[in-house]
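Student: model this:
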Amino acid sequence: MDTISRENNSMLPVGGIIVGVIALLLGGYSAIKLSSVGKTLAAHEEKLAKVDALESQVSSTAATADKASRDLAALTRSTQDAFNQVGAELGNLRAGITKLEESAKAPAKSAKGGGAPAVAGPDEYIIKAGDTFAKIARAQGTTIDAMQQVNPGVDSRNLKIGQKIKLPKK
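Tutor: Modelled structure (predicted):
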């Protein structure tokens, strides 16, 4: 039995060594893989940190964009209100100008249209059809120069019927 048990026992240590070597190889391989998984995990953690930073930047940018959108809407409303007010004032001004134009035209129409005749005050003359400074000066016994001096704003070439001019004092 000694011979047989020695022969059977001689394979056991060799089998144990083989199993131990395989276990060491598997342990080394798993350590290498575990190291590469750790490196990959660290790289992913860096990427996750970058994604988190980007997410916070996007969130703050979205909040800023929302605020800018609200500010723009408020500015648009206030601008529209200002345009409405300016438009109303322009309408009022236009109406006032139209009334002034109509009132300025009214005396000329009444003089031409045969309404109440214009009345000349003392030292005044009302232009009639065919009148010139020369004719008026002759009729009034004065000179053209004297007529122009008392009527500096009147164009003697564009006299209008019904227009009042001043006469020089005699």
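
Student: show me how far the longest helix along the chain is from its chain's centre.
Tutor: The longest helix of the chain (DSSP state H) is helix 2-113. Averaging C-alpha positions (Cα atoms, centre = their mean, to the nearest Å) puts helix 2-113 28 Å from its chain's average.

Student: and for stretch 134-149?
Tutor: Stretch 134-149 sits 62 Å away from the centroid of its parent chain (Cα atoms, centre = their mean).

Student: tell me which residues in it are buried?
Tutor: For stretch 134-149, a neighbour-count test (16 or more other Cβ atoms under 10 Å) marks Ile136, Ala137, Thr142, Ala146, Met147 as buried. Bear in mind the C-beta positions are built from the backbone N, C-alpha and C, glycine included.

Student: contacts for that stretch next, please.
Tutor: Tyr125, Phe133, Val154, Ser156, Ile165, Leu167, Pro168, Lys170 (Cβ atoms under 8 Å, 6 or more residues apart in numbering).

Student: which of these fall in strands?
Tutor: Among the contacts of stretch 134-149, the members found in strands (DSSP state E) are Tyr125, Ile165.

Student: from the contacts of stretch 134-149, which is closest to Thr40?
Tutor: Here the nearest of the contacts of stretch 134-149 to Thr40, counting by Cβ to Cβ, is Val154; it sits at 101.4 Å.

Student: my read: that closest one touches Thr132, true?
Tutor: No. Contact between Val154 and Thr132 fails when scored by Cβ atoms under 8 Å: they sit 12.0 Å apart.

Student: neighbour-wise, which of those two wins?
Tutor: Taking neighbours as other Cβ atoms under 10 Å, Val154 and Thr132 compare with Val154 leading, 18 against 14.
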